[in-house]
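Undergrad: Structure, please.
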Amino acid sequence: MNKISARDLRKIYDDRTSIGIPATLAKWGISKSTLDHACRDKHARLSRKPVNIQNDIYVLANVRGIEAAMAKFELNHAETLAICGIVRKRKAAQKVEAIAAWVAMPDSRKSEIKNIIREGKSMIRDAVEQATGGLEAPPLDWYEEGRYWGELTIAEYSTCGKYSYFGWAVDVVRALPEEFAASIFGSSVAKFVEVINATESGRAGRRRSYKNKISSIDTQVVRRKRAPEAKMSGRYFFPPMGSQDIVAGISTYTLAA
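TA: Residues are numbered from 1 along each chain as shown. Okay, the predicted model is just below:
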């Protein structure tokens, strides 16, 4: 086993899948026990890849095909199949655990989580509407005091403001796996993430401009009509639990579904 290089190990692992065990033994002049040991070692190495990378490979292979995953992650066919199998097995185990956890959860907690999901969908749509007015780009006559198009105000989202309207939704969406967030909160999630990124990027840019004493003319404030007072009154939903508990509850709910 020590005589097999890492490069040859990859080829042997792939040959076992593509040409079969007898042909692989003959091609490489190794015994069945050596082949088994080599393949177990290779599988263990693949299992140790970071989970997020494994998941990315799995998603790409399922969405665009095995060849696309092989090309992007520089894997051979057997390696890609093995990683997909590892992820499927992990997902199956997670589902079993999640179902048990959801069944054991008090009904009151289940109701809270389902309500958070409903409110979160609505709030995420509202956040996008507030920031963009439903437009893909700011019209020339867009104006509102203190608002930049495509961004949220401090009251709507603040990293240091405990009660910013959409702050909890930002924390939850960022903590959830991307596929969970989209399946739970709907198609507005992608645009919501764009709005949050634009908000943070815009604020950082304006802080740099201020520190460098760049004229405010270089950072255009775009304006629009104010939202209805009910929207700006702070009467948005605030969840009865912290972001970590929400993420855990939503993850359990999604996996158990």
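Undergrad: State the helix or strand in which T153 lies.
TA: In the assignment (DSSP states H and E), T153 maps to no helix and no strand.
Undergrad: And for V103?
TA: Using DSSP H and E, V103 sits within helix 77-104.
Undergrad: so for that helix, what's the average pLDDT?
TA: Averaging pLDDT along helix 77-104 yields 95.
Undergrad: Over to stretch 206-214?
TA: For stretch 206-214, the per-residue pLDDT averages 70.
Undergrad: What of stretch 186-199?
TA: 92.
Undergrad: which residues touch it?
TA: 121, 124-125, 127-128, 131-132, 150-152, 157, 169-170, 173-174, 181-182, 185 (C-beta atoms under 8 Å, 6 or more residues apart in numbering). Placement of C-beta: from N, CA and C, glycine included.
Undergrad: just stretch 69-89 next, same as before
TA: The contact list for stretch 69-89, computed with C-beta under 8 Å, 6+ apart, reads 10-11, 13-14, 16-18, 42-43, 46-47, 49, 53-58, 60-62, 66.
Undergrad: in the helix holding V103, what counts as buried?
TA: Buried residues in helix 77-104, counted by 16 or more other C-beta atoms under 10 Å: 78-84, 86-87, 98, 101-102.
Undergrad: Could you do stretch 31-45 as well?
TA: Neighbour-count burial for stretch 31-45, counted by 16+ other C-beta under 10 Å, picks out 34-35, 38-39, 42-43.
Undergrad: Show me how far that stretch is from its chain's centre.
TA: Stretch 31-45 sits 34 Å away from the centroid of its parent chain (C-alpha atoms, centre = their mean, to the nearest Å).
Undergrad: Next: stretch 90-100.
TA: Stretch 90-100 has its C-alpha centroid displaced from the chain centroid by 19 Å (C-alpha atoms, centre = their mean).
Undergrad: ok, the residue nearest to W102 when sequence neighbours are not counted - contacts?
TA: Spatially, and ignoring its direct neighbours in sequence, W102 is nearest to A256 (4.0 Å; C-beta to C-beta, 6 or more residues apart in numbering). Applying C-beta under 8 Å, 6+ apart, we find A256 in contact with 95, 98-99, 101-103.
Undergrad: ok, A256 to R88 distance?
TA: 17 Å (C-beta to C-beta, to the nearest Å).
Undergrad: can you check A98 too?
TA: Using C-beta to C-beta, we find A98 at a distance of 15 Å from R88.
Undergrad: What of I113?
TA: 26 Å.
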